[in-house]
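**Q** what follows is a predicted structure for the sequence shown.
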Amino acid sequence: MEVDPTANAGYMIAAYVATAVILVGYGVVLWRRVKKGPGD
Amino acid sequence: MPELLAGRRAASRGLFLIATGLAGLAGIYVLALRFTPVERFQGLPQKIFYVHVPAAWSALLAFSLVGIASALYLWLRDPRLDLFAESTASAGLVFSVVMLTTGPLWGKPVWNTWWTWDARLTFTLILFFLFLGYRALRSALVDPLERARFSAVVGILGLILVPFVHLTVYLFRTLHPQPIVLKPSAPSLPWEMLRTLLASVGVFTVLLVGFVMTRYGLGRMGVGEWGHGAGEGRDHGS
């Protein structure tokens, strides 16, 4: 059965936001570690 | 000192790849939302496919590489292999979190449930817990030789589980769709969707390489809790 193309958009938005938050978050953690260097 | 420089170089290159991958992810969002058609029967939630499948690909690729590096470590006793396995396992866990977050968000509107204990989902969760255990084991063991040896065994167990996770959709009755790209026959997707999926797989793979290189570089630099791979590992051969 065909669905309304705009239905349930919230799930897609939540998935895209969660993906970006997780991947950017891990990237930032690594970047901060590199920036601190071995002295800390 | 050469170890520090090599680590810093690897970490810098890794960060460049991460930045490139994140820019690519923004591009994938535009490609998926603006230039890829909406699937008729699932509607917009089907577009979760373009992040869920590449995340699963990256996670399973990472866990496979952990197993291969672990087996090679047990054979060659090169500490760099142990550090590579550790770095790759951490990246694999990050992609697993993406996979296990986006999966239920796709399942709810399509299957009308967030989660079901069918074979594919359950074995994927077991694989995730196995690598959480891998991380916990590494944190618990102080002796670097013991840590590398024991975690290598767990890494190899994960490698054994990976093809089984892929084949669950053939071996068991499951709600999870069968593979539409990685299968013996041609991919069963319209070109516009296949193009977006392949581009996203490319971007996620760049991110995987970037995460692994950065963490590997940090290990060689001897930064914080990741500092055991390079310095202490020199004792392995003696």
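**A** Noted; the coordinates are in hand. Residues are numbered from 1 along each chain as shown, chains lettered A, B, ... in the order given.

**Q** what element comes up after the helix or strand hosting residue B:156 heading to the C-terminus?
**A** If you go by DSSP states H and E, residue B:156 is part of helix B:144-171. As assigned by DSSP H and E, the chain's next helix or strand after helix B:144-171 is helix B:191-221.

**Q** next, see if that next one gets close to chain A.
**A** Yes. Applying C-beta under 8 Å from any C-beta of the partner chain, one finds helix B:191-221 touching chain A at B:207, B:210, B:211, B:214, B:215, B:217, B:218, B:221. All C-beta atoms are positioned from the backbone trio N, CA, C, and that covers glycine.

**Q** leaving out the residues flanking it, which one is nearest to the residue nearest the centre of chain A?
**A** The geometric centre of chain A, computed from its C-alpha atoms, lies nearest to residue A:20 (C-alpha atoms, centre = their mean), at 1.9 Å. Once flanking residues are discounted, residue A:20 sits nearest to residue B:25: 6.6 Å by C-beta to C-beta, 6 or more residues apart in numbering or on different chains.

**Q** any low-confidence regions in chain B?
**A** B:1, B:178-187, B:224-238 (pLDDT under 70).

**Q** equivalent analysis for chain A, please.
**A** Using pLDDT under 70, chain A drops low at A:1-2, A:39-40.

**Q** around chain B, pick out the residues from it.
**A** A:1-9, A:11-12, A:14-16, A:18-20, A:22-24, A:26-27, A:30-31, A:33-34, A:36-38, A:40.

**Q** circling back: can you tell me the helix or strand for the residue nearest to residue A:20?
**A** Here residue B:25 is assigned to helix B:2-34, by DSSP H and E.

**Q** now the residue positioned nearest the centre of chain B: how far from chain A?
**A** Among the residues of chain B, the one closest to the centroid is residue B:59, at 2.2 Å (C-alpha atoms, centre = their mean). According to C-beta to the nearest C-beta, to the nearest Å, residue B:59 and chain A sit 12 Å apart.

**Q** contacts only, for that residue.
**A** B:92, B:93, B:95, B:96, B:98, B:99 (C-beta atoms under 8 Å, 6 or more residues apart in numbering or on different chains).

**Q** with secondary structure and neighbour count added, can I get the residues you listed in JSON lines?
**A** What follows is those, written out as JSON lines (DSSP: H, G, I helix; E, B strand; the rest coil; neighbours: other C-beta atoms under 10 Å in any protein chain shown):
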{"residue": "B:92", "secondary structure": "helix", "neighbour count": "27"}
{"residue": "B:93", "secondary structure": "helix", "neighbour count": "18"}
{"residue": "B:95", "secondary structure": "helix", "neighbour count": "27"}
{"residue": "B:96", "secondary structure": "helix", "neighbour count": "24"}
{"residue": "B:98", "secondary structure": "helix", "neighbour count": "26"}
{"residue": "B:99", "secondary structure": "helix", "neighbour count": "22"}
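
**Q** tell me, which of the residues you listed make contact with chain A?
**A** Okay, of the contacts of residue B:59 touching chain A (C-beta under 8 Å from any C-beta), that's residue B:98.

**Q** ok, the contacts of residue B:59 vs residue B:160, which is closest?
**A** Ranked by distance to residue B:160 (C-beta to C-beta), those are led by residue B:92 at 15.0 Å.

**Q** so what's the residue nearest to that closest one when sequence neighbours are not counted up against?
**A** Nearest non-adjacent residue to residue B:92, counting by C-beta to C-beta, 6+ apart: residue B:62, 3.1 Å away. By C-beta under 8 Å, 6+ apart, the contact list for residue B:62 reads B:88, B:89, B:91, B:92, B:95, B:208, B:212.

**Q** give the contact list for the third one.
**A** By C-beta under 8 Å, 6+ apart, the residues touching residue B:91 are B:58, B:62, B:208, B:211, B:212, B:215.

**Q** give me that answer again for 10 Å
**A** A:26, A:30, B:58-59, B:61-63, B:65-66, B:207-216 (C-beta atoms under 10 Å, 6 or more residues apart in numbering or on different chains).

**Q** try the first one
**A** When the contact criterion is C-beta under 10 Å, 6+ apart, the partners of residue B:88 are B:61-70, B:131, B:155, B:208-209, B:211-212, B:215-216.
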